[in-house]
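Colleague: structure of the sequence below:
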Amino acid sequence: MLDNALAKYQEGEEIGRRLQEPSILALHLINRAQLLADDLNRPAEALPLAEEALRTVATSGLRAIESQIRPIVESIRRQSHDRLPH
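Modeller: Okay, here's the model as predicted:
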């Protein structure tokens, strides 16, 4: 079930890239990242996707979406950092 969701988010990313729609791309990236980090416990894999989503909206001037995505990215960063060997 979750693998299917990951695949659908990835398809959405491809559509966003193809249409050059930063909001579509960023929302699918962050949704996939959140699924990886929170549901599949794979924050290290999720972090590059989340950071790409944040960069995408920031460089496109999508401030409202950026403000929604930023806390998710920060949460994934913390999860990723917490999993590093100490």
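
Colleague: tell me where this protein has helices.
Modeller: Here the chain has its helices, by DSSP state H, at 2-19, 22-34, 43-59, 63-82.

Colleague: got any ranges where this structure has weak pLDDT?
Modeller: In the predicted model, the chain carries pLDDT under 70 at residues 84-86.

Colleague: could you dump the helices of the chain into JSON lines and include mean neighbour count?
Modeller: No exception for glycine: its C-beta is placed from N, CA and C like everyone else's. Formatted as JSON lines, those follow (neighbours: other Cβ atoms under 10 Å):
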{"stretch": "helix 2-19", "mean neighbour count": "14"}
{"stretch": "helix 22-34", "mean neighbour count": "22"}
{"stretch": "helix 43-59", "mean neighbour count": "20"}
{"stretch": "helix 63-82", "mean neighbour count": "15"}
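
Colleague: without its sequence neighbours, what residue ends up closest to the most centrally placed residue in the chain?
Modeller: In the chain, the residue lying closest to the centroid (Cα atoms, centre = their mean) is I30, at 2.3 Å. Distance criterion Cβ to Cβ, 6 or more residues apart in numbering; nearest residue to I30, sequence neighbours excluded, is A53 at 4.1 Å.

Colleague: now what about stretch 52-61, what contacts it?
Modeller: In this structure, residues lying in contact with stretch 52-61 by Cβ atoms under 8 Å, 6 or more residues apart in numbering are 22-23, 25-27, 29-30, 33, 63, 65-66, 69-70, 73.

Colleague: using PDB, write out every CA atom in it.
Modeller: This file holds the C-alpha atoms of stretch 52-61, laid out as PDB (Å, rounded to 0.1, in the frame of the first residue of the first chain):
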ATOM      1  CA  GLU A  52      14.500  19.800  -3.100                       C
ATOM      2  CA  ALA A  53      10.900  20.700  -2.400                       C
ATOM      3  CA  LEU A  54      11.900  23.600  -0.200                       C
ATOM      4  CA  ARG A  55      14.400  24.900  -2.800                       C
ATOM      5  CA  THR A  56      11.800  24.600  -5.500                       C
ATOM      6  CA  VAL A  57       9.300  26.700  -3.800                       C
ATOM      7  CA  ALA A  58      11.800  29.200  -2.400                       C
ATOM      8  CA  THR A  59      13.300  29.900  -5.900                       C
ATOM      9  CA  SER A  60       9.900  30.100  -7.400                       C
ATOM     10  CA  GLY A  61       8.600  32.700  -4.900                       C
END
